[in-house]
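S.K.: give me the fold of what follows.
(4 chains)
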2 protein chains.
Amino acid sequence: MSHISIFKNITEDEINKMLKCFEAKARVFKKDATIMTYLGSTSTVGIITKGKAELIRIDYNGNRTILETLEENDIFGEVFSNYNVNELSIKATEETTVLFIDYYHITKRCKKACPYHSKLVENTLNILSQKIVTNNERIEILAKRSTRDKLLAYFEIMSMKNISKTFTLPFTFTDLADYLGVDRSAMQREIRNLKEEGFIKTNNKKITLTY
Amino acid sequence: MSHISIFKNITEDEINKMLKCFEAKARVFKKDATIMTYLGSTSTVGIITKGKAELIRIDYNGNRTILETLEENDIFGEVFSNYNVNELSIKATEETTVLFIDYYHITKRCKKACPYHSKLVENTLNILSQKIVTNNERIEILAKRSTRDKLLAYFEIMSMKNISKTFTLPFTFTDLADYLGVDRSAMQREIRNLKEEGFIKTNNKKITLTY
DNA sequence: TCAATTTTGTTGCAAATGCAACAAAAAGTT
DNA sequence: AACTTTTTGTTGCATTTGCAACAAAATTGA
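M.R.: Predicted coordinates for the structure are as follows:
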């Protein structure tokens, strides 16, 4: 998914100046490391410059939900989260580099009114738009009444993104169940039904729509 | 929900100049009128300056889902939607005034680089952040495995927003069911259970958490 | 104010779903 | 290669859920 970098169209030189001005800090996280937990309230946002991560919630029942999957150029932080009792955390799913910046450095124009700052805001705008689109996709899927409809809606979107009836799941079936907000075994059963009824064909994580 | 206007901190004089420059068009819609249907691809976005509206999808089964509820200062448009086969439309739920602007007028800085334009972009940024927060709330609720948990999650959020254990539903139970993505009668049943088990008290649309 | 429409509250029932549990397969680690 | 951990595929069963249908209550509108 071609994400836009917040530094798109800004020269490396200017980026470096900015990063200094913003007191931005880059950090590398190993696979499965916890990048951040949402506890108090910070206006610090993280930008993934390399790797992949997930926003996860563990509720009181121990149910794990993937709230978001984050990849390169994605932005995350408590600013985008609701006042929440639950345990939220960002975990790296592979080695990941994150750039931490205070959100207000981005939104509030600095006094010097450097021209690249407006470009930065503009880029951020595009990233947020993209995030909204992704969120809306997820909402559409989750709002479906049945596991079958959720699966089909998800497959439909994947198929469109790949411009092909065949696509590969970007994560495990276990994670897919979490993403769809359904029980894994029930989901597995439904996938079998879809196969038997001839709606789809599967080969490991490769899925083909046959309708 | 204190939304930020995209024109926050911009003088009326400047707003008028901008609207002209952007070829913005304001229109008034009666209750239940269709404001917009997502069909082709437009970069036109609508900003609600007065009233309330809903983004609705009717799927092939005739199931109606409220994808979003929109109020004053909210922004909507195909730019924030995914390439979608389904029938999506925005409907006014009361008399509503909408300002239509081409999204690229907002994101792309005009050549004149007028200072108020950056302010506009900044405001839009805040609106989008807010939208993401709202989306995340909805996702958290929808991702819950059971109707009971969805209800409780929703009530929890309402309670926090009102800073009170008591709050009033902002829409009908019928709409609430659509919002939670569950069957209305099943939801009604679950609300009764919650009452009987002493988790909540209700009085019409007024709900009190008793735990 | 009266009629028409929408919402609410309920129920029975069939179907879908979550849960628990387990073995086989696959992937990751040392 | 041997071992450990995770994922996958399956099943039985109790529970939850959606669906259909209907009457009562509330709301809307003429």
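S.K.: do the helix or strand where A:Ala186 lies and chain B come into contact?
M.R.: A:Ala186 is part of helix A:184-196, with elements assigned from DSSP states H and E. No - applying CB under 8 Å from any CB of the partner chain, one finds helix A:184-196 separated from chain B by no less than 9.9 Å. Every residue, glycine included, has its C-beta placed from N, CA and C.
S.K.: surely A:Thr44 is in contact with A:Phe100?
M.R.: Yes - judged on CB atoms under 8 Å, A:Thr44 makes contact with A:Phe100 at a distance of 5.5 Å.
S.K.: and those two? which has more neighbours close in?
M.R.: Each of A:Thr44 and A:Phe100 has its neighbours counted (other CB atoms under 10 Å in any protein chain shown); A:Phe100 has more, 18 against 15.
S.K.: residues touching A:Ile47, list them.
M.R.: A:Ile6, A:Asn73, A:Asp74, A:Ile75, A:Val98, A:Leu99, A:Phe100, A:Ile101 (CB atoms under 8 Å, 6 or more residues apart in numbering or on different chains).
S.K.: repeat that for 10 Å
M.R.: Contacts for A:Ile47 were tallied using CB atoms under 10 Å, 6 or more residues apart in numbering or on different chains; they are A:5-7, A:24, A:26, A:70, A:72-77, A:97-101, A:106, A:124, A:127.
S.K.: element containing it, please.
M.R.: Taking DSSP H and E as the criterion, A:Ile47 maps to strand A:44-50.
S.K.: now do that strand, average pLDDT.
M.R.: For strand A:44-50, the mean pLDDT works out to 91.
S.K.: list the buried residues of it.
M.R.: Of the residues in strand A:44-50, A:Val45, A:Gly46, A:Ile47, A:Ile48, A:Thr49 count as buried by neighbour count, 16 or more other CB atoms under 10 Å in any protein chain shown.
S.K.: circling back: joint contacts of A:Thr44 and A:Phe100?
M.R.: With CB under 10 Å, 6+ apart, A:Thr44 and A:Phe100 have common neighbours A:Lys25, A:Met36, A:Gly77.
S.K.: who does the residue nearest to the last one when sequence neighbours are not counted bridge with?
M.R.: The spatially closest residue to A:Gly77, leaving aside those adjacent along the chain, is A:Val45, at 3.4 Å (CB to CB, 6 or more residues apart in numbering or on different chains). Residues found in beta-bridge contact with A:Val45 (criterion: DSSP bridges) are A:Gly77, A:Ile101.
S.K.: neighbours of the closest residue to A:Thr96 other than its chain neighbours, how many?
M.R.: Leaving aside its chain neighbours, A:Thr96 sits nearest to A:Gly51 (2.9 Å; criterion: CB to CB, 6+ apart). Counted with other CB under 10 Å, the neighbours of A:Gly51 add up to 20.
S.K.: quick one: the helix or strand containing A:Ile139 near DNA strand D?
M.R.: For A:Ile139, the element it lies in under DSSP H and E is helix A:115-142. No - Helix A:115-142 lies out of reach of DNA strand D by CB under 7 Å from any atom of the strand, never closer than 11.4 Å.
S.K.: for DNA strand D, what are the nearby residues on chain A?
M.R.: Chain A has residues A:145-146, A:172-175, A:184-185, A:188-189, A:191-192, A:204-205 near DNA strand D, with proximity defined as CB under 7 Å from any atom of the strand.
S.K.: by neighbours, which of those residues wins?
M.R.: Using other CB under 10 Å as the neighbour criterion, A:Ile191 leads the residues of chain A next to DNA strand D with 20 neighbours.
S.K.: so it touches A:Leu180, yeah?
M.R.: No - in this structure A:Ile191 lies outside contact range of A:Leu180 using CB atoms under 10 Å: 11.0 Å.
S.K.: return every residue with contacts to both of those two.
M.R.: By CB under 10 Å, 6+ apart, A:Ile191 and A:Leu180 have these common neighbours: A:Thr147, A:Leu151.
S.K.: I'd guessed the residue nearest to A:Gly77 sits against A:Ile90; true?
M.R.: No - counting by CB under 10 Å, A:Val45 does not reach A:Ile90; the two are 11.0 Å apart.
S.K.: mutual contacts of the two, please.
M.R.: In contact with both A:Val45 and A:Ile90: A:Met36, A:Phe76, A:Gly77, A:Val98, using CB under 10 Å, 6+ apart.
S.K.: return the member of those residues nearest to DNA strand C.
M.R.: Checking the shared contacts of A:Val45 and A:Ile90 against DNA strand C by CB to the nearest atom of the strand gives A:Val98 as the nearest, at 20.4 Å.
S.K.: the closest one touches A:Asn73, doesn't it?
M.R.: No - with contact defined as CB under 10 Å, A:Val98 does not reach A:Asn73; the gap is 11.4 Å.
S.K.: who's more crowded, those two?
M.R.: Neighbour count, other CB under 10 Å: between A:Val98 and A:Asn73, A:Val98 has more, with 24 against 20.
S.K.: next, give phi and psi for the more buried one.
M.R.: Note on A:Val98: its backbone torsions stand at phi -120, psi 140 [degrees, to the nearest 10].
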